[in-house]
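Enquirer: only geometry, no sequence info:
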(Lines give C-alpha, C1' and ligand atoms only; values in the text may rest on other atoms or scores of the structure.)
Protein backbone atom coordinates (compact mmCIF):
# COMPACT_ATOMS: atom_id res chain seq x y z
CA UNK A 1 0.00 0.00 0.00
CA UNK A 2 1.45 3.34 -1.06
CA UNK A 3 2.22 5.92 1.59
CA UNK A 4 0.12 9.06 1.02
CA UNK A 5 2.13 12.05 -0.09
CA UNK A 6 1.91 15.23 1.98
CA UNK A 7 2.29 18.48 0.11
CA UNK A 8 3.78 21.33 2.06
CA UNK A 9 2.88 24.81 1.00
CA UNK A 10 6.16 26.49 0.04
CA UNK A 11 7.20 29.35 2.27
CA UNK A 12 7.07 32.78 0.63
CA UNK A 13 10.39 34.25 -0.39
CA UNK A 14 11.92 37.72 -0.47
CA UNK A 15 10.35 39.75 -3.27
CA UNK A 16 7.17 37.66 -3.49
CA UNK A 17 3.86 39.51 -3.60
CA UNK A 18 0.97 38.17 -1.54
CA UNK A 19 -2.64 39.16 -1.05
CA UNK A 20 -3.13 39.38 2.71
CA UNK A 21 -5.94 40.05 5.16
CA UNK A 22 -4.63 42.10 8.08
CA UNK A 23 -6.28 41.20 11.38
CA UNK A 24 -4.33 43.03 14.11
CA UNK A 25 -1.44 45.37 14.92
CA UNK A 26 1.92 44.24 16.30
CA UNK A 27 4.23 46.11 18.66
CA UNK A 28 5.81 48.86 16.59
CA UNK A 29 2.67 49.50 14.54
CA UNK A 30 2.86 47.02 11.68
CA UNK A 31 -0.20 45.06 10.60
CA UNK A 32 -0.30 41.32 11.27
CA UNK A 33 -1.51 38.89 8.60
CA UNK A 34 -1.21 35.15 8.00
CA UNK A 35 -0.51 33.21 4.82
CA UNK A 36 -1.15 29.47 5.29
CA UNK A 37 -0.24 29.81 8.96
CA UNK A 38 2.86 31.87 8.17
CA UNK A 39 2.92 35.19 10.07
CA UNK A 40 3.59 38.31 7.99
CA UNK A 41 4.20 41.76 9.51
CA UNK A 42 2.96 44.34 7.02
CA UNK A 43 4.06 47.98 7.00
CA UNK A 44 1.50 50.42 5.66
CA UNK A 45 -1.54 48.31 6.55
CA UNK A 46 -4.17 48.53 9.28
CA UNK A 47 -6.48 45.93 10.87
CA UNK A 48 -9.29 44.99 8.50
CA UNK A 49 -7.33 45.95 5.36
CA UNK A 50 -6.97 43.52 2.47
CA UNK A 51 -3.71 44.39 0.73
CA UNK A 52 -1.22 43.27 -1.82
CA UNK A 53 2.16 43.26 -0.10
CA UNK A 54 5.73 42.66 -1.24
CA UNK A 55 7.96 40.63 1.07
CA UNK A 56 11.06 42.54 2.17
CA UNK A 57 12.33 39.83 4.54
CA UNK A 58 11.51 36.12 4.80
CA UNK A 59 12.53 34.09 7.85
CA UNK A 60 11.70 30.57 8.97
CA UNK A 61 8.78 31.56 11.18
CA UNK A 62 7.73 34.96 9.90
CA UNK A 63 8.12 37.50 7.13
CA UNK A 64 8.10 41.27 6.80
CA UNK A 65 6.35 43.01 3.94
CA UNK A 66 5.43 46.42 2.56
CA UNK A 67 1.88 47.05 1.41
CA UNK A 68 1.95 48.08 -2.25
CA UNK A 69 -1.80 48.13 -2.97
CA UNK A 70 -4.87 48.62 -0.79
CA UNK A 71 -7.33 46.18 -2.36
CA UNK A 72 -10.14 46.46 0.17
CA UNK A 73 -9.85 49.02 2.99
CA UNK A 74 -10.97 48.25 6.51
CA UNK A 75 -14.51 49.43 7.26
CA UNK A 76 -13.01 51.28 10.24
CA UNK A 77 -10.64 53.35 8.09
CA UNK A 78 -11.00 57.12 7.96
CA UNK A 79 -9.70 59.15 4.98
CA UNK A 80 -6.04 60.15 5.11
CA UNK A 81 -5.71 63.88 5.76
CA UNK A 82 -1.95 64.36 5.43
CA UNK A 83 -0.91 63.64 1.84
CA UNK A 84 2.22 64.52 -0.13
CA UNK A 85 1.98 64.21 -3.89
CA UNK A 86 -1.07 62.01 -3.41
CA UNK A 87 0.79 59.63 -1.07
CA UNK A 88 0.02 59.23 2.64
CA UNK A 89 2.52 61.04 4.87
CA UNK A 90 5.26 58.59 5.94
CA UNK A 91 5.33 60.32 9.31
CA UNK A 92 1.64 59.58 10.00
CA UNK A 93 1.21 55.83 9.35
CA UNK A 94 -1.79 55.54 11.68
CA UNK A 95 -3.81 58.45 10.31
CA UNK A 96 -6.23 55.93 8.77
CA UNK A 97 -7.25 54.77 12.27
CA UNK A 98 -9.92 56.77 14.11
CA UNK A 99 -8.23 58.58 16.98
CA UNK A 100 -10.12 56.70 19.70
CA UNK A 101 -8.96 53.45 18.09
CA UNK A 102 -5.35 54.71 18.13
CA UNK A 103 -5.57 55.24 21.89
CA UNK A 104 -7.15 51.82 22.40
CA UNK A 105 -4.43 50.09 20.36
CA UNK A 106 -1.63 51.84 22.25
CA UNK A 107 -3.20 50.96 25.59
CA UNK A 108 -3.59 47.34 24.50
CA UNK A 109 0.04 47.15 23.39
CA UNK A 110 1.27 48.51 26.73
CA UNK A 111 -0.81 45.94 28.61
CA UNK A 112 0.32 43.12 26.33
CA UNK A 113 3.99 44.04 26.77
CA UNK A 114 3.73 44.21 30.56
CA UNK A 115 1.81 40.94 30.88
CA UNK A 116 3.49 38.89 28.14
CA UNK A 117 7.08 40.20 28.19
CA UNK A 118 7.26 41.29 31.82
CA UNK A 119 5.04 38.55 33.28
CA UNK A 120 3.47 41.28 35.41
CA UNK A 121 -0.03 41.54 36.83
CA UNK A 122 -1.92 43.25 39.62
CA UNK A 123 -1.23 46.75 38.28
CA UNK A 124 -3.81 49.39 37.41
CA UNK A 125 -3.78 50.40 33.76
CA UNK A 126 -5.28 53.87 33.79
CA UNK A 127 -7.17 55.42 30.85
CA UNK A 128 -4.94 56.85 28.13
CA UNK A 129 -4.29 60.58 28.25
CA UNK A 130 -5.16 61.92 24.77
CA UNK A 131 -2.94 64.42 22.99
CA UNK A 132 -3.73 68.09 23.41
CA UNK A 133 -3.84 68.30 19.60
CA UNK A 134 -4.31 65.48 17.10
CA UNK A 135 -2.59 67.43 14.30
CA UNK A 136 0.09 70.15 14.03
CA UNK A 137 1.53 69.14 17.40
CA UNK A 138 5.21 68.54 16.60
CA UNK A 139 7.69 71.23 17.66
CA UNK A 140 10.51 69.53 15.74
CA UNK A 141 10.78 67.77 12.39
CA UNK A 142 13.75 66.50 10.42
CA UNK A 143 13.59 66.66 6.63
CA UNK A 144 15.78 65.05 3.99
CA UNK A 145 17.04 66.51 0.72
CA UNK A 146 16.85 64.47 -2.46
CA UNK A 147 15.92 64.51 -6.12
CA UNK A 148 12.28 64.12 -7.23
CA UNK A 149 11.20 64.35 -10.87
CA UNK A 150 14.47 66.06 -11.74
CA UNK A 151 14.14 68.77 -9.08
CA UNK A 152 15.60 69.29 -5.64
CA UNK A 153 13.16 67.88 -3.09
CA UNK A 154 12.93 68.53 0.64
CA UNK A 155 10.66 66.32 2.69
CA UNK A 156 10.46 62.72 3.89
CA UNK A 157 11.81 59.43 2.64
CA UNK A 158 9.19 57.42 0.81
CA UNK A 159 7.92 54.61 3.02
CA UNK A 160 10.23 51.62 2.70
CA UNK A 161 12.96 53.56 0.86
CA UNK A 162 16.14 55.29 2.04
CA UNK A 163 16.89 56.81 -1.36
CA UNK A 164 13.60 58.32 -2.59
CA UNK A 165 12.45 61.60 -1.07
CA UNK A 166 8.88 62.88 -1.23
CA UNK A 167 8.61 66.65 -1.56
CA UNK A 168 6.51 68.21 1.21
CA UNK A 169 4.52 71.44 0.95
CA UNK A 170 2.27 71.20 4.01
CA UNK A 171 2.73 68.47 6.61
CA UNK A 172 -0.17 68.39 9.05
CA UNK A 173 2.09 67.13 11.83
CA UNK A 174 4.01 70.42 11.64
CA UNK A 175 2.88 73.94 12.43
CA UNK A 176 2.34 76.49 9.69
CA UNK A 177 5.54 78.21 10.84
CA UNK A 178 7.57 75.00 10.53
CA UNK A 179 6.19 74.38 7.05
CA UNK A 180 6.93 77.95 5.97
CA UNK A 181 10.57 77.73 7.12
CA UNK A 182 11.13 74.42 5.32
CA UNK A 183 9.61 75.72 2.09
CA UNK A 184 11.71 78.88 2.25
CA UNK A 185 14.92 76.85 2.64
CA UNK A 186 13.97 74.68 -0.34
CA UNK A 187 13.25 77.73 -2.50
CA UNK A 188 16.65 79.18 -1.57
CA UNK A 189 18.47 75.93 -2.38
CA UNK A 190 16.67 75.58 -5.72
CA UNK A 191 17.38 79.21 -6.61
CA UNK A 192 21.08 78.84 -5.77
CA UNK A 193 21.32 75.51 -7.60
CA UNK A 194 22.72 73.66 -4.58
CA UNK A 195 22.36 69.89 -5.11
CA UNK A 196 21.22 67.28 -2.63
CA UNK A 197 23.87 64.93 -1.28
CA UNK A 198 23.86 61.45 -2.84
CA UNK A 199 25.24 58.94 -0.32
CA UNK A 200 25.80 56.27 -2.94
CA UNK A 201 27.79 58.57 -5.20
CA UNK A 202 29.22 60.60 -2.28
CA UNK A 203 28.49 63.72 -4.27
CA UNK A 204 26.36 66.81 -3.70
CA UNK A 205 25.90 69.11 -0.72
CA UNK A 206 22.57 69.19 1.14
CA UNK A 207 21.79 66.32 3.52
CA UNK A 208 19.17 67.19 6.15
CA UNK A 209 17.24 70.09 7.61
CA UNK A 210 16.00 70.13 11.21
CA UNK A 211 13.38 72.74 12.10
CA UNK A 212 12.56 73.17 15.79
CA UNK A 213 10.30 75.85 17.23
CA UNK A 214 9.34 77.24 20.58
CA UNK A 215 5.59 76.74 20.61
CA UNK A 216 5.18 79.31 23.37
CA UNK A 217 7.88 81.73 22.22
CA UNK A 218 7.50 81.54 18.40
CA UNK A 219 11.29 81.22 18.11
CA UNK A 220 12.71 78.95 15.42
CA UNK A 221 15.94 76.96 15.53
CA UNK A 222 16.98 75.66 12.12
CA UNK A 223 19.88 73.26 11.61
CA UNK A 224 21.21 72.49 8.14
CA UNK A 225 23.44 69.43 7.71
CA UNK A 226 25.64 69.51 4.61
CA UNK A 227 28.68 67.97 2.98
CA UNK A 228 31.73 70.29 2.81
CA UNK A 229 30.84 73.21 0.54
CA UNK A 230 30.46 76.97 0.40
CA UNK A 231 27.25 78.69 -0.61
CA UNK A 232 25.33 81.93 -0.35
CA UNK A 233 23.75 82.93 2.95
CA UNK A 234 20.29 81.33 3.35
CA UNK A 235 17.18 83.50 3.79
CA UNK A 236 16.60 82.17 7.32
CA UNK A 237 18.97 81.90 10.29
CA UNK A 238 20.64 78.49 10.16
CA UNK A 239 22.93 76.55 12.46
CA UNK A 240 25.02 74.86 9.75
CA UNK A 241 26.80 71.56 10.39
CA UNK A 242 29.24 69.88 7.99
CA UNK A 243 29.49 66.11 7.67
CA UNK A 244 32.24 64.26 5.84
CA UNK A 245 31.65 61.42 3.36
CA UNK A 246 31.39 58.84 6.13
CA UNK A 247 28.70 60.82 7.93
CA UNK A 248 30.91 61.99 10.80
CA UNK A 249 30.24 65.52 11.95
CA UNK A 250 33.24 67.79 11.53
CA UNK A 251 31.58 70.48 13.62
CA UNK A 252 29.61 73.68 13.09
CA UNK A 253 30.85 75.87 10.26
CA UNK A 254 29.08 78.86 11.69
CA UNK A 255 25.98 79.98 13.49
CA UNK A 256 23.60 82.55 12.08
CA UNK A 257 21.19 84.07 14.58
CA UNK A 258 20.56 82.58 18.03
CA UNK A 259 22.20 79.22 18.71
CA UNK A 260 19.79 78.39 21.57
CA UNK A 261 16.03 78.06 21.38
CA UNK A 262 13.86 79.45 24.17
CA UNK A 263 10.72 77.56 25.15
CA UNK A 264 8.20 77.62 27.98
CA UNK A 265 6.90 74.43 29.57
CA UNK A 266 5.12 73.76 32.87
CA UNK A 267 5.34 77.49 33.70
CA UNK A 268 9.13 77.36 33.36
CA UNK A 269 11.53 78.84 30.80
CA UNK A 270 13.98 76.53 29.06
CA UNK A 271 17.07 77.02 26.93
CA UNK A 272 17.43 74.28 24.32
CA UNK A 273 20.70 73.63 22.45
CA UNK A 274 20.52 72.52 18.79
CA UNK A 275 21.24 68.85 19.53
CA UNK A 276 19.64 68.60 22.98
CA UNK A 277 16.63 66.36 23.56
CA UNK A 278 13.35 68.14 24.17
CA UNK A 279 9.91 66.53 24.12
CA UNK A 280 8.48 66.84 20.60
CA UNK A 281 4.93 67.58 21.75
CA UNK A 282 5.14 70.60 24.03
CA UNK A 283 1.50 70.80 25.05
CA UNK A 284 1.08 67.10 25.88
CA UNK A 285 4.49 66.98 27.59
CA UNK A 286 3.06 69.30 30.23
CA UNK A 287 0.39 66.71 30.98
CA UNK A 288 3.05 63.96 31.02
CA UNK A 289 5.02 65.85 33.67
CA UNK A 290 1.88 66.50 35.71
CA UNK A 291 1.17 62.76 35.78
CA UNK A 292 4.79 62.02 36.74
CA UNK A 293 4.58 64.60 39.55
CA UNK A 294 1.33 63.06 40.78
CA UNK A 295 2.94 59.62 40.90
CA UNK A 296 5.92 61.05 42.81
CA UNK A 297 3.58 62.32 45.59
CA UNK A 298 5.94 65.07 46.71
CA UNK A 299 5.26 67.09 49.85
CA UNK A 300 8.17 69.54 49.66
CA UNK A 301 10.71 67.61 51.72
CA UNK A 302 11.76 64.73 49.47
CA UNK A 303 15.10 64.07 47.81
CA UNK A 304 14.62 63.18 44.13
CA UNK A 305 17.11 61.55 41.76
CA UNK A 306 16.34 62.38 38.11
CA UNK A 307 18.21 59.91 35.89
CA UNK A 308 18.61 60.75 32.19
CA UNK A 309 17.60 64.27 33.13
CA UNK A 310 18.39 65.90 29.77
CA UNK A 311 18.04 69.68 29.95
CA UNK A 312 16.21 69.40 33.28
CA UNK A 313 12.57 69.53 32.19
CA UNK A 314 11.20 66.89 34.57
CA UNK A 315 13.63 67.64 37.39
CA UNK A 316 12.92 71.36 37.42
CA UNK A 317 9.18 70.76 37.19
CA UNK A 318 9.47 68.55 40.30
CA UNK A 319 11.90 70.84 42.17
CA UNK A 320 9.12 73.24 43.10
CA UNK A 321 7.43 70.42 45.04
CA UNK A 322 10.55 68.66 46.41
CA UNK A 323 13.23 69.33 48.99
CA UNK A 324 16.06 68.76 46.52
CA UNK A 325 16.55 67.33 43.03
CA UNK A 326 19.71 65.73 41.67
CA UNK A 327 19.89 65.08 37.93
CA UNK A 328 22.36 62.86 36.07
CA UNK A 329 22.83 63.09 32.30
CA UNK A 330 25.47 61.67 29.97
CA UNK A 331 25.43 64.56 27.47
CA UNK A 332 27.44 67.46 28.90
CA UNK A 333 25.79 69.99 26.57
CA UNK A 334 22.38 69.03 28.00
CA UNK A 335 23.71 69.41 31.56
CA UNK A 336 24.91 72.92 30.71
CA UNK A 337 21.39 73.67 29.50
CA UNK A 338 19.90 72.19 32.69
CA UNK A 339 22.13 74.35 34.90
CA UNK A 340 21.25 77.44 32.90
CA UNK A 341 17.55 76.54 33.07
CA UNK A 342 17.71 76.23 36.86
CA UNK A 343 19.42 79.63 37.03
CA UNK A 344 16.97 81.45 34.77
CA UNK A 345 13.99 80.03 36.70
CA UNK A 346 15.48 80.90 40.09
CA UNK A 347 15.48 77.26 41.22
CA UNK A 348 18.23 76.74 43.80
CA UNK A 349 17.35 73.22 45.01
CA UNK A 350 18.23 71.41 41.77
CA UNK A 351 21.74 70.23 40.85
CA UNK A 352 22.87 68.48 37.69
CA UNK A 353 25.82 66.18 37.07
CA UNK A 354 27.40 65.23 33.73
CA UNK A 355 28.12 61.50 34.02
CA UNK A 356 27.29 58.12 32.59
CA UNK A 357 24.26 57.02 34.59
CA UNK A 358 25.88 53.62 35.16
CA UNK A 359 28.81 55.31 36.89
CA UNK A 360 27.24 58.41 38.40
CA UNK A 361 24.61 56.96 40.73
CA UNK A 362 26.90 55.41 43.37
CA UNK A 363 29.00 58.57 43.98
CA UNK A 364 25.80 60.62 44.18
CA UNK A 365 24.30 58.16 46.65
CA UNK A 366 27.41 58.38 48.84
CA UNK A 367 27.27 62.18 48.65
CA UNK A 368 23.58 62.75 49.42
CA UNK A 369 22.17 59.61 50.98
CA UNK A 370 19.12 57.64 49.90
CA UNK A 371 16.56 59.38 47.69
CA UNK A 372 12.85 59.27 48.42
CA UNK A 373 11.95 59.12 44.73
CA UNK A 374 13.89 58.03 41.65
CA UNK A 375 12.64 59.29 38.29
CA UNK A 376 13.96 57.59 35.15
CA UNK A 377 13.32 58.75 31.59
CA UNK A 378 15.61 56.51 29.50
CA UNK A 379 15.96 56.28 25.72
CA UNK A 380 14.04 53.62 23.76
CA UNK A 381 16.54 50.93 24.74
CA UNK A 382 15.40 51.28 28.34
CA UNK A 383 17.60 50.71 31.39
CA UNK A 384 20.60 48.43 31.09
CA UNK A 385 20.93 45.69 33.71
CA UNK A 386 23.69 47.71 35.36
CA UNK A 387 21.50 50.81 35.63
CA UNK A 388 18.65 48.70 37.03
CA UNK A 389 21.06 47.49 39.73
CA UNK A 390 22.04 51.08 40.51
CA UNK A 391 18.38 52.10 40.80
CA UNK A 392 17.78 49.19 43.18
CA UNK A 393 20.83 50.24 45.24
CA UNK A 394 19.25 53.68 45.69
CA UNK A 395 16.59 52.02 47.85
CA UNK A 396 13.98 54.67 47.06
CA UNK A 397 10.46 53.78 48.22
CA UNK A 398 9.06 55.09 44.94
CA UNK A 399 10.22 54.89 41.30
CA UNK A 400 8.57 56.89 38.53
CA UNK A 401 9.44 55.45 35.13
CA UNK A 402 8.73 57.56 32.02
CA UNK A 403 8.89 55.20 29.05
CA UNK A 404 8.80 55.67 25.28
CA UNK A 405 8.94 51.92 24.62
CA UNK A 406 6.72 49.42 26.47
CA UNK A 407 8.82 46.48 25.24
CA UNK A 408 11.78 47.75 27.29
CA UNK A 409 9.68 49.06 30.18
CA UNK A 410 8.28 45.54 30.68
CA UNK A 411 11.57 43.71 31.38
CA UNK A 412 12.87 46.65 33.44
CA UNK A 413 9.72 46.64 35.58
CA UNK A 414 10.02 42.87 35.95
CA UNK A 415 13.63 43.22 37.16
CA UNK A 416 12.56 45.83 39.69
CA UNK A 417 9.72 43.66 41.00
CA UNK A 418 12.21 40.84 41.58
CA UNK A 419 14.04 43.27 43.89
CA UNK A 420 10.94 43.91 45.99
CA UNK A 421 9.13 46.64 44.07
CA UNK A 422 5.54 46.34 42.90
CA UNK A 423 4.19 47.84 39.70
CA UNK A 424 1.23 49.89 40.91
CA UNK A 425 -0.03 52.08 38.10
CA UNK A 426 0.61 52.76 34.43
CA UNK A 427 -0.79 55.68 32.43
CA UNK A 428 -0.48 55.87 28.63
CA UNK A 429 0.12 59.42 27.37
CA UNK A 430 -0.33 59.99 23.65
CA UNK A 431 2.59 62.19 22.67
CA UNK A 432 2.50 61.13 19.01
CA UNK A 433 -0.98 61.01 17.42
CA UNK A 434 -1.25 59.42 13.95
CA UNK A 435 1.78 57.22 14.73
CA UNK A 436 2.34 53.93 16.59
CA UNK A 437 4.83 55.53 18.99
CA UNK A 438 3.84 54.98 22.62
CA UNK A 439 4.68 56.92 25.78
CA UNK A 440 3.58 56.05 29.29
CA UNK A 441 4.32 56.73 32.95
CA UNK A 442 4.66 53.87 35.44
CA UNK A 443 4.79 53.89 39.23
CA UNK A 444 6.67 51.24 41.21
CA UNK A 445 6.67 51.17 45.01
CA UNK A 446 8.00 49.04 47.82
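Expert: Here it is on my side, so go on. Predicted, not measured: the structure shown is a model, and the values here were computed from it.

Enquirer: Quickly list the domain ranges of the protein.
Expert: Residue ranges for the domains of the chain, per automatic domain parsing: 17-77, 104-133+281-445, 140-261.

Enquirer: and the end-to-end length of the shortest one?
Expert: Same thing as domain 17-77. Using Cα to Cα, to the nearest Å, the end-to-end distance of domain 17-77 comes out at 23 Å.

Enquirer: picking up where we left off before, quick one: closest of the domains of the chain to residue 96.
Expert: For those, the distance to residue 96 is smallest for domain 17-77, at 4.7 Å, taking Cβ to Cβ. All C-beta spots, glycine's among them, are computed from the backbone N, C-alpha and C.

Enquirer: other SSEs contacting the strand ranked longest in the chain?
Expert: Longest strand in the chain, counting residues (DSSP state E): strand 62-72. Applying 3 or more Cβ pairs under 8 Å, 6 or more residues apart in numbering; DSSP states H and E, we find strand 62-72 packed against strand 17-25, strand 38-43, strand 50-58.

Enquirer: Show me the contact partners of it.
Expert: For strand 62-72, the surrounding residues in contact (Cβ atoms under 8 Å, 6 or more residues apart in numbering) are 12, 17-20, 30-31, 38-45, 49-57, 159-160.

Enquirer: Now do the buried residues in that strand.
Expert: Residues of strand 62-72 classed as buried: 63-67, 70 (neighbour count, 16 or more other Cβ atoms under 10 Å).

Enquirer: now stretch 368-382
Expert: Buried residues in stretch 368-382 (16+ other Cβ under 10 Å): 371-378, 382.

Enquirer: after the helix or strand harbouring residue 362, next one along is what?
Expert: In this assignment (DSSP states H and E), residue 362 forms part of helix 357-368. Remark: after helix 357-368, the chain's next helix or strand is strand 373-376, criterion DSSP H and E.

Enquirer: For that next one, name the packing helices and strands.
Expert: Strand 373-376 packs on helix 282-296, strand 303-307, helix 313-319, helix 385-394, strand 398-403, going by 3+ Cβ pairs under 8 Å, 6+ apart.

Enquirer: make it 6 Å
Expert: For strand 373-376, the packing partners by 3 or more Cβ pairs under 6 Å, 6 or more residues apart in numbering; DSSP states H and E come out as strand 303-307, strand 398-403.

Enquirer: Would you mind checking the average pLDDT for the first one?
Expert: Averaged across strand 303-307, the pLDDT comes to 99.

Enquirer: Please apply the same query to stretch 106-115.
Expert: Mean per-residue pLDDT for stretch 106-115: 97.

Enquirer: List the buried residues for it?
Expert: Neighbour-count burial for stretch 106-115 [16+ other Cβ under 10 Å]: 106-107, 109-111, 113-114.

Enquirer: ditto for stretch 118-138
Expert: Buried residues in stretch 118-138, counted by 16+ other Cβ under 10 Å: 118, 120, 123, 125, 128-132, 135, 137-138.

Enquirer: what about residue 277, which SS state?
Expert: With DSSP: H, G, I helix; E, B strand; the rest coil as the basis, residue 277 sits in coil.

Enquirer: Apart from its neighbours in sequence, what residue is nearest residue 155?
Expert: In this structure, residue 155 finds its nearest non-sequential neighbour in residue 168, 3.3 Å apart by Cβ to Cβ, 6 or more residues apart in numbering.

Enquirer: what's the answer for residue 288, then?
Expert: Residue 288 sits nearest to residue 429 (Cβ to Cβ, 6+ apart), 4.8 Å away.

Enquirer: Quick one: neighbours of the one you found, just the number.
Expert: 25 (other Cβ atoms under 10 Å).

Enquirer: so who does it touch?
Expert: 129, 288, 439 (Cβ atoms under 6 Å, 6 or more residues apart in numbering).

Enquirer: One more pass at 8 Å, please.
Expert: With Cβ under 8 Å, 6+ apart, residue 429 has these contacts: 128-129, 284, 287-288, 291, 439-441.

Enquirer: Relative to residue 355, how far out is it?
Expert: Distance from residue 429 to residue 355, counting by Cβ to Cβ, to the nearest Å: 28 Å.
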